[in-house]
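Chemist: got a predicted structure plus its sequence, pasted below:
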Amino acid sequence: MQIEYIQRFKGIACINSEMANRVRLFLTFLSSFLFSISLFSQGGKVYSVNKRLYFPNNEYLLDTLDIKILDSLRKIPNIKTVKVYGHCDSIGSFDFNLTLSTKRSNQVKEYLAQFIEENIIEIFPEGESKLKTHGDDSVSLAQNRRVEIQITYQPSIQTVVNKNKKLPNVNDSISVVLNGFVTDDINRPLQTTINIYDEKGKFVKKSESDKNGLYSVLLKIKKSSDYSILFAKDSFFTASEKINLKVKNDLPIKQKTVLQRIVSGKTYIFDNLHFEGDTSQLLGYSEPLLYHFLQIMKRYPNIKIQIEGHVNNPIRDRKILNGPPRSLRYFPPGLTFREYNQWLSDERALAVKSFLVKNGIKKERISTLGYGASKMLYPDPKSEKEQELNRRVEIKIL
C-alpha cells in the first residue's frame, strides 16, 4: 500500500543546526491504525481504534497530514468514547509542557468535534509525565511530542448483516508451514537459531535448523501481514527473510537461506533492514535485525565497522538531479535532488549508528558513509520490491 507523505516541518528551535536536522527528520508519519476487540457488552462487541499524531518542537497547530489522519476517523460508526492524550518532550519547564500538551489536546478535540459528539471527547494533558522514551537525543525527543487518540465504537449487528461487512478480527489468521534449509556461503549445512517477528517487530516464535540445515516451522499468522525470519549463528552475519501470505491455509513455503561468515574487509547487506520512503525511519519489521546485529557487536568487542547508506533514485528520474527534490517529507532547504540523495543516505547510515551507540556500542567503533543513489542494486527498478531493496544499509567489517 502506498502512503501519501506530507511535509510536516513548521519550524523548530534546537541547540545547533545538525541537531535540528536530526529532530526534524524524525517528525514523520508514525501513526498506526490498530484494531482490537477490547470488551463485550449487551449490544455486541466493542472495538477500539488508536491513532497517533506527532508535532514539531513547541508546536500545537494541526497541519495537512494531521488533518488527513483525523479525517480517516469519520468512517467509524457508532463511536462510544474518545480519549485524547497530549504529550511533550522533557525540554522546558513542567508548567510550560503541561500547557503545551493541553493546547495539543484541545486542537485535536476541536477538530474531532466537527463530526463526533463533543460530550464524549475527553482530553488528558500529560505534559512530560508519560514519556515514551527517556533519552535526550533528537530521535527520543521527537517521539515524545505527540497526541494519542483512543476511540471505542460498536457497529450494530443489523449493519453488519445487511452490508455483509467483515469486522476487524485479531484472530483472522492462517496456518502456514515454513520449510527450508540453511547453509554457509560454500553450501555447507548450518545448525542455526531461527526467530520469527511480526511487522511491528514483535517476537512470534523461536525454532532452529537441524545439523543438516533443515527446518520446518508451523505458524498461525495474520493474513496479508509482513513477517521477518531471522537466522543467527555465532561467527556469521545474521540473515533475514521476509514473508507475506495472501493465499490459502497450510501453504508450504520452501526457501534456501545462506549465512555469510564474518570476515574483515567484507561488506554485508542488511537483508530486510528497510526504511519508509524519503526518510531514515526504519520499518517495524526491520528493528529485530538491528538488535541481532547489536549482539554481534557486543560479542566481538574488537570489531570496527563502516555503515553505508543507500537510496532509491531510478534512472528515469536522473534528468531532474539538478532540480529541487520532489519529496513531501522534510529535507534541508536549498538542496538539489542529487544533494538530497546524498543527505538521505547519510541520515540512514547515521540512524543505524545512533541505534548502536544508544544501546552501548562505543561510537569510536563505528564510521558512516552515504553513497546517495550511486550504488543501487536495481538502477531501473521494475517493482516496489526492487525500490525497497535500493533503500538499504550495508555493513563493512574494517
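Modeler: Cool, got the structure. Numbering: from 1, shown residues only.

Chemist: now do the same contact list for the nearest residue to Glu394 once chain neighbours are set aside.
Modeler: Leaving aside its sequence neighbours, Glu394 sits nearest to Glu308 (CB to CB, 6 or more residues apart in numbering; 4.5 Å). C-beta here means a position set from N, CA and C on the backbone, and glycine is covered the same way. Glu308 makes contact with Thr267, Ala349, Thr368, Leu369, Gly370, Tyr371, Val393, Glu394, Ile395, Lys396, according to CB atoms under 8 Å, 6 or more residues apart in numbering.

Chemist: at 10 Å what do you get?
Modeler: Residues in contact with Glu308 (CB atoms under 10 Å, 6 or more residues apart in numbering) are 267, 269-270, 345, 348-349, 352, 367-371, 375, 392-396.

Chemist: ok, which stretches of the stretch 251-398 of the chain are strands?
Modeler: Using DSSP state E, counting those that start in this stretch, the strands assigned to the stretch 251-398 of the chain run over residues 251-261, 267-269, 305-309, 366-370, 393-397.

Chemist: out of those, which is the most enclosed?
Modeler: Mean neighbour count (mean count of other CB atoms under 10 Å) peaks for strand 305-309 among the strands of the stretch 251-398 of the chain, with a mean of 22.

Chemist: so it versus strand 393-397, what angle?
Modeler: 160 degrees (axes from the mean of the first three to the mean of the last three CA atoms, to 10 degrees).

Chemist: tell me which strands strand 305-309 pairs with, and in which orientation.
Modeler: When sheet partners are counted by DSSP bridges, strand 305-309 sits next to strand 366-370 (parallel), strand 393-397 (antiparallel).

Chemist: Lys75 - how many residues pack around it?
Modeler: When neighbours are counted by other CB atoms under 10 Å, Lys75 registers 6.

Chemist: how close does it get to Val49?
Modeler: Lys75 sits 10 Å away from Val49, going by CB to CB, to the nearest Å.

Chemist: repeat that for Lys254.
Modeler: Computed as CB to CB, the Lys254 to Val49 distance reads 38 Å.

Chemist: now Arg261
Modeler: Distance from Arg261 to Val49, counting by CB to CB: 47 Å.

Chemist: hmm, back to that, so which of the strands paired with strand 305-309 comes closest to Ile149?
Modeler: Checking the strands paired with strand 305-309 against Ile149 by CB to CB gives strand 393-397 as the closest, at 32.8 Å.

Chemist: kindly export that closest one (C-alpha atoms) in CSV.
Modeler: Below are the C-alpha coordinates for strand 393-397, written out as CSV (Å, rounded to 0.1, in the frame of the first residue of the first chain):
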residue,chain,number,x,y,z
VAL,A,393,22.1,-0.2,4.6
GLU,A,394,25.3,-2.2,4.3
ILE,A,395,27.9,-3.1,6.9
LYS,A,396,31.6,-3.3,6.1
ILE,A,397,33.9,-5.0,8.6
